[in-house]
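*Asks:* after the sequence you'll find the predicted model.
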Amino acid sequence: MTQHIKASTLISNNPTELTNTAKIKFRGSLWRKIPKTVWVWPFFGAATLIFLWPIPFNIATHATDTVDPLLLSYVLGSEKQNLLAGDFAHFLASPAFFPYPDTLVYSDHSLTLTLLSLPVALFSDNPILAHNFVLLLGWFLCGLGGFYLTFHYTRSYPAALVGGLIIGFNPYHYTQLNHLQTNSYEFMLFSLLFLEKSIAEKRKSNYFFFILFTILAFWVTFYHIAFLLVIFSFVLIFRLVIGKELRNWRKLGALAGCIVVVALANLPLILPYLHFSEEMNAVRTIQETSYGSADFRSYVSANLVNWLWGFTARNRIGDPLFTPEDHALFVGVAVWLLALIGFAAKGDKNLPTLRGNRVQVMFFLTLLAAILLSKGPFLSLSNQPSEAFHNNTLPLPYKFLYDNVILFQGLRMPARFMLVVVVCLAVLAAFSFKRLYYSKGKGKWLGLGLVGLMLIEFWPGSIPQYKIENPYPQSYAFLAQQAGTDWGLYEFPASPLYDRYSAYFALSHGKRVLNGYNGFEPEGMIRLEELSNNRFNSNTATVLEILSGLKVKYLMIHGDRIKDKVFMEQLLASLGQNENARLVFQHDADYIYQLPDRSAQFSTSQDITISLSRTFISDGKLYTEAVIRNKGTQVWTNPNIGLYQLQVKVGSSEIHKSLALPLYLLPGEEVRQQIRLNPPFGWSQNLGEVKARVELNEK
């Protein structure tokens, strides 16, 4: 029998009671709008502060290293300045490597990380503070992203916590601690999550978030593009062939549309890299890629700061195939045990065998593929550098990708595919922990014991901290007061050890410098560095002539960096006697000389000749060699980075390239440039069919 209640009986005549009821209803509705997993935010925030405990205390003054953190601080600072100036046409411009344009393309741009740094960077001009803020935020978001990703697969809060801890705080994350771009992989996790949600659910918002997070991941580093291509390939093939989720033309069309949007969003940032690769003849050689690959011992070598397993890396110091910041791939014993033990467990009502094993198999196959790719282009049968074992190697799938996908020709470190391995291990370990945690008997205690061991293995014994000078020295303060930015500064002595500071401090004084430190260094700067370091004292006039022709207005001598005091005294005496160098500032051991602008006298190219000496094949690729010579009797400089055109014909196929001329040429000097050609499919390797010509492109 249904009981009818009058509506009037539900309304109290007591105003206070009515008000309290309204408050309760309001609070209840507000609480329902808060995500049920909001408690994991402070959990992973606290974990970040605990595992990276020294960094928050020195967030504005110290870096974990004096190499890549300075480089990334310089990249973030340059991009911030370009964004705030609204100069989107020159977004990739930076102060270093003057007079070359768009020099941020010498490494990965990091637009996403720059956007993340803005909450701090807008209120502070301290690049180290912005860098460390993004570093801490990235570790927090990696843990959070790992939680949500593994929760999507396991639907278990305890298992998702384990997955988040593995992805966020595994030892390999510490290996990449100095590489802000590589270790900020949080958006990869959210991209994969919303790809899966777009496939499994009907919410249109999932497509939006999939596009957003994929773009953000791609805007961190090109490595993440390669990583996601591998993961997406396995997920899409699995969902299409094994499962039934993608056997829907409408859903396939929607995902294809998402991919097109992502590609279009990345096109403005990809095109400058393609121009750079062509004009600067820049490509990672197969030898560089081989050195950046993992060897068999890399998987059992932990990072140097790991208190338990750090000795495995210290024992390999001096090994030509091992660099601690790239080849220490060990993530601990417990993670591997957790990941693999789940295949031996039987399914139950909490984790059906069919669904669980299918997803596990997908990630296990992805894991194997990532390990294979981390081995690079060759499987070495010895422990010698790649040049020594060319006759003792087997080609691997990475070699095919390197030869046929231009993206892989720009990646130096195949070993970083270990990041994909970590994601797969986290998902597999989460599945296994769920099986153990909800099992009867001693399985729960086994799972908790493995997690405890895992946390012990994750703990860093120490995190290096290096104090970065701030504010900048008085010599740079003098430069900041000088008018104009259409001239350059050259700092001597020049070397990678010092040039990274030159680029970093250029953010503060705002002037362009010929020095620089990056993933790629222009050939002209390498030659200038060698010339000045070897001949500045004996042939000061020639070096000054080159610098003046390159629009260098100020020359800074860092006396404290010159160990040979006799050389230092002779150099200062030679500069004092040269009428083209006038001392305008001196503080402590820093000397600043002003040089005249003589670039107009050396801008002609009438004495420059270009010819092709030979065409040859190396590592299965076609090369041609250009010989560029100065037939004149005076120094020739290239302050506007003039180009020359190369036209190559092979049979009926033809290719055109624009390449940068040398930065300078001494009288009678010649420079040989080996130019790699990326022929279209079907080109013959018969060198008798190759015809080429070159011509100067006057500006």
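*Replies:* Looks like it came in fine.
*Asks:* contacts only, for the residue lying closest to Leu666 once chain neighbours are set aside.
*Replies:* Once flanking residues are discounted, Leu666 sits nearest to Val635: 6.0 Å by CB to CB, 6 or more residues apart in numbering. All C-beta atoms are positioned from the backbone trio N, CA, C, and that covers glycine. Listed by CB atoms under 8 Å, 6 or more residues apart in numbering, the contact set of Val635 reads Thr542, Glu545, Ile546, Gly549, Phe602, Tyr664, Leu665, Leu666, Pro667.
*Asks:* do the same with Asn183
*Replies:* Applying CB under 8 Å, 6+ apart, the residues contacting Asn183 are Leu135, Gly138, Trp139, Cys142, His173, Gln176, Leu177.
*Asks:* now do the second one: how many residues are near it, please.
*Replies:* Using other CB atoms under 10 Å, Gly138 has 23 other residues around it.
*Asks:* quickly note the distance from the closest residue to it other than its chain neighbours to Met568.
*Replies:* Nearest residue to Gly138, sequence neighbours excluded (CB to CB, 6+ apart): Ser184, at 3.9 Å. In this view, Ser184 and Met568 are 42 Å apart by CB to CB, to the nearest Å.
*Asks:* could you do Ser548 as well?
*Replies:* In terms of CB to CB, Ser548 sits 22 Å off from Met568.
*Asks:* these two: which is more packed in?
*Replies:* A count of neighbours by other CB under 10 Å puts Ser548 above the other of Ser548 and Met568, at 23 against 18.
*Asks:* my guess is the more buried one meets Ala581, correct?
*Replies:* No: between Ser548 and Ala581 there is no contact under CB atoms under 8 Å: 9.5 Å.
*Asks:* residues shared between the contacts of those two?
*Replies:* Counting by CB under 8 Å, 6+ apart, the residues touching both Ser548 and Ala581 are Leu595.
*Asks:* can you list phi and psi of the residue nearest to Gly138 for me?
*Replies:* Per-residue torsions, Ser184: phi -90, psi 70 (degrees, to the nearest 10).
*Asks:* and it, what does it touch?
*Replies:* Thr112, Leu113, Val134, Leu135, Gly138, Cys142, Val220.
*Asks:* and for the second one, nearest residue in space, chain neighbours not counted?
*Replies:* Which is Leu113. Val134 (5.2 Å).
*Asks:* next, count neighbours for that neighbour.
*Replies:* With other CB under 10 Å as criterion, Val134 counts 26.
*Asks:* could you measure from it over to Ala60?
*Replies:* Taking CB to CB, one finds Val134 at 13 Å from Ala60.
*Asks:* show me what whatever helix or strand Val422 lives in is packed up against.
*Replies:* Under the criterion of DSSP states H and E, Val422 resides in helix 418-437. The contact analysis (3 or more CB pairs under 8 Å, 6 or more residues apart in numbering; DSSP states H and E) places helix 418-437 against helix 127-154, helix 157-169, helix 171-175, helix 186-200, helix 222-237, helix 333-341, helix 353-374, helix 443-458.
*Asks:* worst average pLDDT in those helices?
*Replies:* Of all the helices and strands packed on helix 418-437, helix 353-374 carries the lowest average pLDDT, namely a mean of 85.
*Asks:* what is the end-to-end distance of stretch 439-448?
*Replies:* Length of stretch 439-448, first residue to last, CA to CA, to the nearest Å: 12 Å.
*Asks:* gap between that stretch and the chain center?
*Replies:* On the basis of CA atoms, centre = their mean, to the nearest Å, stretch 439-448 sits 41 Å off its chain's mean C-alpha point.
*Asks:* count the neighbours of the residue nearest to Val427 when sequence neighbours are not counted for me.
*Replies:* Once flanking residues are discounted, Val427 sits nearest to Phe363: 4.8 Å by CB to CB, 6+ apart. By other CB under 10 Å, 24 other residues sit near Phe363.
*Asks:* next up, the contacts around Phe363.
*Replies:* Cys424, Val427, Leu428.
*Asks:* with Ile546 instead?
*Replies:* Contacts of Ile546 (CB under 8 Å, 6+ apart): Leu528, Leu531, Val635, Thr637, Tyr664.
*Asks:* can you pull out the strands in the stretch 1-150 of the chain?
*Replies:* 62-63 (DSSP state E, counting those that start in this stretch).
*Asks:* re earlier: just the contacts of Ile546: which are in strands?
*Replies:* The strands, defined by DSSP state E, take in Thr637, Tyr664 from those.
*Asks:* and Ser191, how far is that from Ile215?
*Replies:* For Ser191, the distance to Ile215 - CB to CB - is 9 Å.
*Asks:* who has more neighbours, those two?
*Replies:* Neighbours were counted for Ser191 and for Ile215 using other CB under 10 Å; Ser191 has more, 27 against 19.
*Asks:* surely that one meets Thr214?
*Replies:* Yes: assessed by CB under 8 Å, Ser191 is found in contact with Thr214 at 4.4 Å.
*Asks:* quickly list what's touching both of those two.
*Replies:* Both Ser191 and Thr214 are contacted by Leu228, under the criterion CB under 8 Å, 6+ apart.
*Asks:* which single helix of the chain contains the most residues?
*Replies:* With DSSP state H setting the assignment, residue counts place helix 249-279 as the longest helix in the chain.
*Asks:* what's the following helix or strand past it packed up against?
*Replies:* Where DSSP H and E defines the elements, the next helix or strand beyond helix 249-279 is helix 286-291. Judged by 3+ CB pairs under 8 Å, 6+ apart, the packing partners of helix 286-291 are helix 397-404.
*Asks:* other SSEs contacting the helix it packs on?
*Replies:* helix 286-291, helix 353-374.
*Asks:* then it to PDB, C-alphas only?
*Replies:* Extracted in PDB, the C-alpha atoms of helix 397-404 (Å, rounded to 0.1, in the frame of the first residue of the first chain):
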ATOM      1  CA  PRO A 397      63.900  -1.900 -35.500                       C
ATOM      2  CA  TYR A 398      65.200   1.500 -34.400                       C
ATOM      3  CA  LYS A 399      67.500   1.400 -37.400                       C
ATOM      4  CA  PHE A 400      64.500   1.200 -39.700                       C
ATOM      5  CA  LEU A 401      62.800   4.100 -37.900                       C
ATOM      6  CA  TYR A 402      66.000   6.100 -38.100                       C
ATOM      7  CA  ASP A 403      66.300   5.600 -41.800                       C
ATOM      8  CA  ASN A 404      62.700   6.300 -42.700                       C
END
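*Asks:* identify the residues contacting it?
*Replies:* By CB under 8 Å, 6+ apart, helix 397-404 touches 286, 289, 293, 372-373, 375-378, 408-409, 414, 620-621.
*Asks:* CSV for the helices and strands packed on helix 418-437, including distance to Leu49?
*Replies:* Listed next are the helices and strands packed on helix 418-437 as CSV, based on distance: least, CB to CB, whole Å:
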stretch, distance to Leu49
helix 127-154, 8
helix 157-169, 12
helix 171-175, 15
helix 186-200, 17
helix 222-237, 26
helix 333-341, 22
helix 353-374, 30
helix 443-458, 15
